[in-house]
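S.K.: Generate coordinates for the sequence data below:
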Amino acid sequence: MLAATSFAAGILALLFVGLSIRVIKQRIRAKASVGDHGDHDLLKAIRAQGNFAEYAPFGVIILGLLEIQNGTAWAVWVLALMLVTGRLSHAIGFGRTPQIIPLRKLGMMLTFLQIAISGLWVLVLQIL
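M.R.: Predicted coordinates for the structure are as follows:
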């Protein structure tokens, strides 16, 4: 059923839409349909969305593989919450002016830990 993965994917999809809308609004404000035209706020919005798009899908995929392989349910849920919290923290911390560096760092740490732990766990389940 992939309950934890579905939960994480649903929340992350909504966050991605929010980040995308922010880019669109910044593009309209800056009158920039391509690139950032040197606009710092637009560049930040583009990178917040891009960073999210680079990490969230991989975190969801590896979480889903772990859940399919019958990883311990409570631990899979903890990893799902780590991913959601990490991506949300990073988006908030990075997107603010000035940046909230502790939130950005927390987001990176939670995301990397979730991907690394899930990846190692999937490998162990395949080996055993």
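
S.K.: What segments of this structure are helices?
M.R.: 3-30, 40-68, 73-95, 101-127 (DSSP state H).

S.K.: pLDDT averaged over the longest one - what is it?
M.R.: Looking back up the chat, that one is helix 40-68. Taken as a whole, helix 40-68 carries a mean pLDDT of 96.

S.K.: Which elements pack onto it?
M.R.: With contacts defined as 3 or more C-beta pairs under 8 Å, 6 or more residues apart in numbering; DSSP states H and E, the secondary structure elements packing on helix 40-68 are helix 3-30, helix 73-95, helix 101-127. Where you see a C-beta, it was placed from the backbone N, CA and C, and this is true even at glycine.

S.K.: quick one: it to helix 101-127, angle?
M.R.: Interaxial angle of helix 40-68 relative to helix 101-127 (axes from the mean of the first three to the mean of the last three C-alpha atoms, to 10 degrees): 30 degrees.

S.K.: for helix 40-68, which positions count as buried?
M.R.: Applying a neighbour-count criterion of 16 or more other C-beta atoms under 10 Å, the buried positions in helix 40-68 are 42-46, 48-49, 51-52, 55-56, 59-60, 62-67.

S.K.: One more: the third one?
M.R.: By neighbour count on 16+ other C-beta under 10 Å, the buried set for helix 73-95 is 76-77, 79-95.

S.K.: elements contacting it?
M.R.: The contact analysis (3+ C-beta pairs under 8 Å, 6+ apart) places helix 73-95 against helix 3-30, helix 40-68, helix 101-127.

S.K.: And for the first one?
M.R.: The contact analysis (3+ C-beta pairs under 8 Å, 6+ apart) places helix 3-30 against helix 40-68, helix 73-95.
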